[in-house]
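Student: Predicted model and sequence below, questions to follow.
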Amino acid sequence: MAESLVAIVLDRLLSITGQQAALSLKLVTGINEEVESLTSNLQAIKAVLKDAEKRQLNESAVKHWLDRLKDVSYDIDDVLDEWNTEILKQEIEQEGKKVWSFSPFSCFSFRKIVLRRHIALEIEKLSKRLDSIANERSRYSFSSEVGGKP
């Protein structure tokens with residue numbers, strides 16, 4: 001279960017960051033490093049999940065580690081939903097600019113800035129939580145899969 005959840009979150013993260021780059025939608029300076037850290041940690045964790053899921057049956061500490069991983073994965077997924085919604089709104093607004101012209105200082109612009117900052121702060125917090133979980137991975141000496149083979 002954790003393996004499929006992490007794979008889904010990782011795929012969504014890569015997809016959304018690709019959309020962000022295509023639209024040149026910047027959240028906050030430095031967020032790219034946080035996204036890269038999230039992606040790297042998720043990929044490293046994904047490599048040991050088969051072993052962790054087997055061992056959780058006999059080791060409660062491993063089960064607790066997987067539970068924390070699932071929690072942060074769901075939280076990442078929620079933030080990615082927010083981010084994706086922001087990207088879709090940006091696309092709609094860009095289409096609407098062909099018809100409407102808004103002042104750059106309108107309340108809509110301020111709301112966008114506040115929302116983008118909120119998303120960036122959430123990504124930063126989640127990156128720190130995932131860093132902690134990824135660092136704990138070494139305590140359990142999981143066997144790693146590379147290219148789908150242990």
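Tutor: Structure received.

Student: All the helices of the protein, in order from the start?
Tutor: Remark: helices assigned in the chain by DSSP state H are 2-23, 31-46, 49-55, 60-96, 107-136.

Student: For S144, which of these is the nearest?
Tutor: helix 49-55 (7.6 Å; CB to CB). C-beta: built from backbone N, CA, C; applies to glycine.

Student: helices and strands of this structure: which one bottoms out on pLDDT?
Tutor: helix 2-23 (a mean of 71; mean pLDDT, DSSP states H and E).

Student: where's E82 relative to K46, distance?
Tutor: 23 Å (CB to CB, to the nearest Å).

Student: what's the answer for M1, then?
Tutor: Distance from M1 to K46, by CB to CB: 13 Å.

Student: now do A52
Tutor: Taking CB to CB, one finds A52 at 10 Å from K46.

Student: Of the helices of the chain, give the one that comes closest to E145.
Tutor: When the helices of the chain are compared by CB to CB, helix 49-55 sits nearest E145, at 6.0 Å.

Student: what sits up against the closest one?
Tutor: 1-3, 6, 62, 65-66, 140, 142-145, 150 (CB atoms under 8 Å, 6 or more residues apart in numbering).

Student: rewinding a little: A52 and K46 - which one has more neighbours?
Tutor: A52 (21 against 17; other CB atoms under 10 Å).

Student: tell me the pLDDT at that one?
Tutor: Among the per-residue scores, A52 shows a pLDDT of 94.

Student: Next, find the distance separating it from E34.
Tutor: Counting by CB to CB - A52 and E34 are separated by 24 Å.

Student: Kindly report the same for V79.
Tutor: From V79 to E34 the distance is 11 Å (CB to CB).

Student: Now for these two: what residues contact both?
Tutor: Common neighbours of V79 and E34 (CB under 8 Å, 6+ apart) are I123.

Student: Please point out which parts of stretch 77-86 sit buried.
Tutor: V79, L80, W83, E86 (16 or more other CB atoms under 10 Å).

Student: any weak-confidence spans in the protein?
Tutor: By pLDDT under 70, the weakly predicted segments of the chain are 16-30, 96-113, 146-150.

Student: Centroid-nearest residue for the chain?
Tutor: Nearest to the mean C-alpha position of the chain, counting by CA atoms, centre = their mean, stands I76 at 4.5 Å.
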